[in-house]
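J.: okay, here's the prediction I keep looking at, along with the sequence it came from:
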Amino acid sequence: NTVKSGYKALGDKYAALNYLFNKIETPEVEIMAIIAANRPLGLDAIKGQAKSVQAVFVGRAISKLEADGKIVMVENDKWDLAPSLLEKL
């Protein structure tokens, strides 16, 4: 419920995220939502905030998001939303 209310709040703030929430798997959406709310953010902070993703799977989801061009690594092992994704939003 906490995660769903967080998704709803982000969807209300960024209308395009509603579309993404329907097209991307839940772990990836949650990680993107965490990064969007606290950008940029490191791995440990993401693991600490993730509610529906076990910590062991956070790294895997981040790798997939990075490979798909949805997030990029910035300063000192921190991730942010990819510029190309921000342009679409």
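T.: Looks like it came in fine.

J.: from residue 40, how far off is the residue of the chain positioned farthest from its centre?
T.: For the chain, the largest distance from the centre (Cα atoms, centre = their mean) belongs to residue 76, which lies 17.9 Å off. Going from residue 76 to residue 40 by Cβ to Cβ, to the nearest Å gives 9 Å. The way it works is simple: take the backbone N, C-alpha and C, and place the C-beta from them, glycine included.

J.: next one: residue 11
T.: For residue 11, the distance to residue 40 - Cβ to Cβ - is 22 Å.

J.: picking up where we left off before, intersection of neighbour lists for residue 76 and residue 40?
T.: Shared contacts of residue 76 and residue 40 (Cβ atoms under 8 Å, 6 or more residues apart in numbering): none.

J.: and the residue farthest from the centre of the chain, that one's in a strand?
T.: No. Counting by DSSP: H, G, I helix; E, B strand; the rest coil, residue 76 is not part of a strand but coil.
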